[in-house]
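Novice: Quick one, what's the 3D model for this:
(one chain, ligands or ions: 1)
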Amino acid sequence: MAIREIRKDSDEILRKISKKVDRVDERIITLLDDMKDTMYEAEGIGLAAPQVGVLRRVAVIDIGEGILELVNPVIVYEHGAQCEEEGCLSIPGEKGTVKRPAKVIVRAINRNGETFEITGTELLARALCHEIDHLNGILFTDKIIKEDGKGTK
Ligand code: NI
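Specialist: Coordinates of the predicted model:
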């Protein structure tokens, strides 16, 4: 296990589309382990592989309910809307309000290569959407509807 360097928003890799994982092999397991360590070290609640310089469809999330490891995550259902403040480990110091679905169901593969579905509402729904956006080269700052400290609540 190792801490990897978190790429910051000027890094072009954050704008690239990540490739699907064909097989969950030792490299992917190591990536998941390192991403988990890196996320906890940085005190984040989510991290996507491009943020550590790897263009693979892999993400980790922990909103305080335990680690969630996602390989090839896809949103298969979404419902409603919520507007809450977000931040990102790749964009230190910046926060802004982003509109996200109120509820999502995401299908993904775990480290054992098994397909599973996870239902997220509130913070988990936001984290899932935020990390999947990273895999498509999208940053939360692209979607800010109100910057922190500007405008009225
Ligand atoms: Ni992020």
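Novice: okay, now the nearest residue to Asp37 once chain neighbours are set aside: neighbour count?
Specialist: Among residues not flanking Asp37 along the chain, Met1 sits closest, at 5.1 Å (C-beta to C-beta, 6 or more residues apart in numbering). For every residue, glycine as well, the C-beta is placed using N, CA and C. Residues lying near Met1 (other C-beta atoms under 10 Å) number 8.
Novice: And the helix or strand containing Asp33, what's buried?
Specialist: Using DSSP states H and E, Asp33 falls within helix 26-41. Buried residues in helix 26-41, counted by 16 or more other C-beta atoms under 10 Å: 28, 31-32, 34-39.
Novice: Redo these as TSV? Include pLDDT.
Specialist: Output for these, formatted as TSV (pLDDT from 0 to 100):
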residue	pLDDT
Ile28	98
Leu31	98
Leu32	98
Asp34	98
Met35	98
Lys36	98
Asp37	98
Thr38	98
Met39	98
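Novice: how about Arg15, phi and psi?
Specialist: Here is the backbone geometry of Arg15 (degrees, to the nearest 10): phi -100, psi 0.
Novice: Show me the helices in the protein, by range?
Specialist: Taking DSSP state H as the criterion, the chain carries its helices at 26-41, 122-135.
Novice: what packs against the first one?
Specialist: Judged by 3 or more C-beta pairs under 8 Å, 6 or more residues apart in numbering; DSSP states H and E, the packing partners of helix 26-41 are strand 46-48, strand 58-61, strand 68-79.
Novice: Which one of these lies nearest to Leu89?
Specialist: With C-beta to C-beta, the closest approach to Leu89 among these belongs to strand 46-48: 6.4 Å.
Novice: where does the chain dip in pLDDT?
Specialist: Low-confidence regions of the chain, defined by pLDDT under 70, span residues 148-153.
Novice: So for it, the centremost residue is which one?
Specialist: Nearest residue to the geometric centre of the chain (C-alpha atoms, centre = their mean): Glu131, 1.8 Å.
Novice: picking up where we left off before, how big is the angle separating the helix holding Asp33 from strand 68-79?
Specialist: Relative orientation of helix 26-41 versus strand 68-79 (axes from the mean of the first three to the mean of the last three C-alpha atoms, to 10 degrees): 80 degrees.
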